[in-house]
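Student: Sequence first, then the predicted structure, then my questions.
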Amino acid sequence: MLDLDINICSAINEEMENNFYSISPVIAQTSNFSFKNYDDFLKACEDEKNSYMYTRGSNPTTKMLEKKIAQLEKGERCKVFSSGMGAISSTLFSLVKRGEHILVLNTIYGQALTFIKYLEKFGVSYSNIKIDEFTDIRNFIKENTKLIYMESPSSQHMELLDIEKITKIAKDKKILTVIDNTWATPIFQKPLEYGVDIVIHSCSKYIGGNSDVVAGAVISKDEIIQNIFEYGHQCLGATNAPFNSWLLIRSLRTLPMRMNFHSESVKRIIDFLDSDIRIKKVYHPYSKNEYQNKLAKKYLKGYGSLLAFELCDETFENIKTFVNTLKCFKIGVSWGGHESLILPAFKGNNSESLIQRGISKSHIRIYIGLEATESLIQDLKSALDKAFNI
Ligand SMILES: *Cc1c(COP(=O)(O)O)cnc(C)c1O
């Protein structure tokens with residue numbers, strides 16, 4: 001963990017003298033701003049991105065958050081949105097046009113893929129390819145490929161991509177690269193250092209960290225963020241509320257420490273799962289897989305605590321018993337907060353769609369929260385004992 005990151009995450013208000021020397025930043029809970037005189041107003045109109053006029057555009061509390069996230073990702077500029085999907089849709093809306101093609105690598109967040117598919121309505125095509133260490137992505141790049149969209153590690157099978165290998169090819173062909181870095185957070189992975197053009201976060205997960213905010217962020221060069229601000233942000237209007245920006249500034253204070261805890265905890269959980277005969281396979285970059293371990297060593301400073309595993313038994317009743325017996329793991333979507341969560345892929349009636357997506361019926365996603373690791377291991381063990389008595 002870098003001391004620098006801890007300093008950036010600290011909540012001390014940069015403009016303390018203007019804010020009563022408050023330790024927790026003052027919230028600018030306002031929709032609009034007024035001007036001392038008409039000349040000042042005219043000046044603000046010329047550069048709305050850098051002025052405070054109306055909160056759909058810019059707001060000082062949101063700006064403070066944006067500065068911190070940009071610094072954490074080592075990017076020039078950040079724009080915050082009212083959800084991760086707000087950030088994703090605004091970015092793609094701003095950067096691609098009719099006749100262009102998006103190349104999607106491996107599995108990405110489901111709703112993001114739905115949006116990319118929906119862009120076909122506006123004449124934007126896409127292909128979604130599965131790649132591994134032997135794939136040459138040049139074979140899938142088309143004349144009109146404008147952008148490569150990836151998630152690494154992905155939040156389905158947690159597989160890492162060789163980011164630098166991809167960005168080198170993309171740069172050569174003047175293709176923009178976008179990465180969803182939600183799983184690793186900027187504490188553990190800084191994709192801009194490996195040549196990625198645009199980093200996206202769902203701040204609803206680790207950055208929020210308390211299961212009480214939905215928000216998103218995009219980090220890139222000033223010029224690209226300006227474009228996304230003018231069109232995606234201003235026209236689609238997924239503006240983050242000042243209070244939610246304030247909550248996220250609060251959450252950043254503890255992000256490095258929380259991530260460190262998650263990382264240590266998930267390693268112990270995986271050691272347990274890897275050694276249990278009822279677990280067939282674990283999906284996580286720390287688990288046994290030479291290629292993934294190699295990529296993790298290169299790209300990750302620590303581990304996110306979202307993982308998946310396959311059970312040795314796909315009987316629906318047994319899966320249900322397993323989930324219902326757990327006490328520490330709550331059944332629920334999303335992740336990144338204090339509570340550990342569980343989400344089986346099999347709902348009893350969705351075998352067809354699982355086969356199509358290449359997911360086994362015994363596929364279970366779990367999120368390791370901030371509870372004592374030993375209690376979580378005991379909880380998993382008891383539930384496995386009860387459901388799969390072999
Ligand atoms: C949750 C999530 C999103 C979408 O973010 P919202 O804040 O829910 O809109 C995008 N990507 C990943 C990896 C996510 O986990």
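Tutor: That came in fine, so what should we check first?

Student: give me the number of residues near whatever residue of the stretch 151-300 of the chain ends up closest to the ligand?
Tutor: Nearest to the ligand, among the residues of the stretch 151-300 of the chain, is residue 202, at 3.1 Å (CB to the nearest ligand atom). All C-beta spots, glycine's among them, are computed from the backbone N, C-alpha and C. Summarising burial for residue 202: neighbours were counted as other CB atoms under 10 Å, giving 29.

Student: can you give me phi and psi for the closest residue to residue 204 other than its chain neighbours?
Tutor: In space, residue 204 comes closest to residue 214 once its chain neighbours are excluded; the distance is 4.6 Å by CB to CB, 6 or more residues apart in numbering. Geometry field for residue 214 lists phi and psi as phi -110, psi 120, criterion degrees, to the nearest 10.

Student: Ok, residue 279 next?
Tutor: Backbone torsions of residue 279, given as degrees, to the nearest 10, read phi -100, psi 120.

Student: ok, now residue 83?
Tutor: The main-chain torsion angles of residue 83 are listed as degrees, to the nearest 10 and equal phi -160, psi 160.

Student: Chain neighbours aside, what residue packs nearest to residue 209?
Tutor: Leaving aside its sequence neighbours, residue 209 sits nearest to residue 251 (CB to CB, 6+ apart; 4.5 Å).

Student: returning to what we had before: verify the contact between the residue nearest to residue 204 and residue 83 for me.
Tutor: Yes. Applying CB atoms under 8 Å, one finds residue 214 in contact with residue 83, separated by 5.0 Å.

Student: Tell me how many other residues crowd the residue nearest to residue 204.
Tutor: The number of residues packed near residue 214 is 19, by other CB under 10 Å.

Student: contacts for the longest helix along the chain?
Tutor: Looking across the chain with DSSP state H, the single longest helix is helix 255-275. Applying CB atoms under 8 Å, 6 or more residues apart in numbering, the contact partners of helix 255-275 are 1, 5-6, 9, 185, 187-188, 206-207, 209, 279, 282, 284, 286-288, 302-305, 307, 309, 368, 370, 373, 376-377, 380-381.

Student: so what's residue 308 up against?
Tutor: 156, 157, 158, 282, 283, 284, 363, 364, 365, 366.

Student: For the helix or strand containing it, which strands pair with it and how are they oriented?
Tutor: Here residue 308 is covered by strand 306-311, with elements defined by DSSP states H and E. Based on DSSP bridges, the pairing partners of strand 306-311 within the sheet are strand 279-283 (antiparallel), strand 363-367 (antiparallel).

Student: and the direction of the first one versus that of helix 255-275, what angle?
Tutor: Taking axes from the mean of the first three to the mean of the last three CA atoms, to 10 degrees, one finds strand 279-283 and helix 255-275 inclined to each other by 150 degrees.

Student: List of residues touching stretch 28-40?
Tutor: 41, 44, 52, 53, 54, 55, 59, 60, 61, 242, 243.

Student: quick one: the last one is in a strand?
Tutor: Pointing back at residue 243 there. No. According to DSSP: H, G, I helix; E, B strand; the rest coil, the state of residue 243 is helix, so it is not within a strand.

Student: Please name the nearest non-neighbouring residue to the residue of the stretch 251-390 of the chain found nearest the ligand.
Tutor: Of all residues in the stretch 251-390 of the chain, residue 334 sits closest to the ligand, with a separation of 6.1 Å (CB to the nearest ligand atom). Taking CB to CB, 6+ apart, and ignoring the residues beside it in sequence, residue 334 has residue 204 as its nearest neighbour in space, at 6.4 Å.

Student: could you dump the strands paired with strand 306-311 to TSV with distance to the ligand?
Tutor: Compiled in TSV, the strands paired with strand 306-311 are given as follows (distance: least, CB to the nearest ligand atom, whole Å):
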stretch	distance to the ligand
strand 279-283	14
strand 363-367	10
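
Student: Please identify the most buried of these.
Tutor: Highest mean neighbour count of those: strand 363-367, a mean of 23 (counted as mean count of other CB atoms under 10 Å).

Student: Could you point out the helix or strand that follows that one?
Tutor: Using DSSP H and E, the first helix or strand after strand 363-367 is helix 373-387.

Student: quick one, phi/psi of the residue in the chain that the ligand sits nearest to?
Tutor: With CB to the nearest ligand atom as the measure, residue 84 is the residue of the chain nearest to the ligand, at 2.2 Å. Here the main-chain torsion angles of residue 84 (degrees, to the nearest 10) amount to phi -60, psi -40.

Student: residue contacts, it?
Tutor: Going by CB under 8 Å, 6+ apart, the list of residues near residue 84 reads 109, 180, 182, 200, 201, 202, 203, 204, 205, 214, 215, 216.

Student: returning to that earlier point: what is the rounded mean pLDDT of the strand holding residue 308?
Tutor: Per-region confidence: strand 306-311 scores 97 on mean pLDDT.

Student: Please apply the same query to stretch 197-207.
Tutor: Here the average pLDDT along stretch 197-207 is 98.

Student: same check, this time on stretch 176-184
Tutor: What stretch 176-184 shows for mean pLDDT is 98.

Student: Just the buried positions in that stretch, please.
Tutor: Judged by neighbour count (16 or more other CB atoms under 10 Å), stretch 176-184 contains these buried residues: 176, 177, 178, 179, 180, 181, 182, 183, 184.

Student: do the same with stretch 202-218
Tutor: Taking 16+ other CB under 10 Å as the criterion, stretch 202-218 shows 202-209, 211, 213-218 as buried.

Student: repeat for stretch 65-74
Tutor: Buried positions in stretch 65-74, judged by neighbour count with 16+ other CB under 10 Å: 65, 66, 68, 69, 70, 71, 72, 73.

Student: now do stretch 85-99
Tutor: 85, 86, 87, 88, 89, 90, 91, 92, 93, 94, 95, 96.

Student: again, but for stretch 151-170
Tutor: Using 16+ other CB under 10 Å as the burial criterion, the residues of stretch 151-170 that qualify are 151-163, 165-167, 169-170.

Student: Among these, name the ones in strands.
Tutor: Cross-referencing those against strands under DSSP state E gives residue 151.
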